[in-house]
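Participant: I need the structure of the sequence given here:
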Amino acid sequence: MYAIIRDGGRQFKVEKGTELRIDYREGLNQGDEIVFEDVLACRTDEKLLIGQPTLDVRVKAEVSETETKGPKLVIQKFRRRKTMRRRTGHRQKYVTVKVVDIVLPVKEG
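Facilitator: Numbers count the residues shown, from 1 in each chain. As a prediction, this is how the structure comes out:
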């Protein structure tokens with residue numbers, strides 16, 4: 001079983017045990033639980049569920065690393081014949097989470 005979730009403007013295909021790097025969130029500690037409620041599609045053993053726009057499925061994840069940094073991006077600005085050169089860098093912060101469970105809605109009846 002897998003699900004496609006949306007977080008931070010990006011989509012991730014997740015299964016139980018998948019590790020993700022999501023955007024940094026303050027106040028998280030190692031072992032905390034995060035619930036992703038923005039599930040776009042879910043594949044079960046029987047069928048494929050597609051949301052319009054989202055499904056009533058929850059993806060539970062546990063924080064494994066609170067703060068990791070991505071690669072350094074170098075930004076260079078240059079204007080010819082103006083002696084203007086600027087060089088800066090940026091490193092994005094991430095939180096690493098591990099998917100624990102995909103919870104389907106309970107059918108009544």
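Participant: beta partners of residue 76?
Facilitator: Taking DSSP bridges as the rule, residue 76 bridges to residue 87.
Participant: so how far is residue 85 from it?
Facilitator: 7 Å (C-beta to C-beta, to the nearest Å). C-beta here means a position set from N, CA and C on the backbone, and glycine is covered the same way.
Participant: now residue 8
Facilitator: Distance of residue 8 to residue 85, computed by C-beta to C-beta: 33 Å.
Participant: this structure: strands as residue ranges?
Facilitator: For the chain, applying DSSP state E gives strands covering 2-7, 10-15, 19-23, 33-36, 39-43, 48-50, 58-69, 73-79, 84-90, 93-103.
Participant: can you list the ones you listed in TSV and add mean neighbour count and mean pLDDT?
Facilitator: As requested, these are arranged in TSV below (neighbours: other C-beta atoms under 10 Å; pLDDT from 0 to 100):
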stretch	mean neighbour count	mean pLDDT
strand 2-7	20	96
strand 10-15	14	97
strand 19-23	16	96
strand 33-36	15	96
strand 39-43	19	96
strand 48-50	12	93
strand 58-69	16	95
strand 73-79	9	97
strand 84-90	9	97
strand 93-103	18	96
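Participant: tell me the phi and psi of residue 26?
Facilitator: phi -80, psi 150 (degrees, to the nearest 10).
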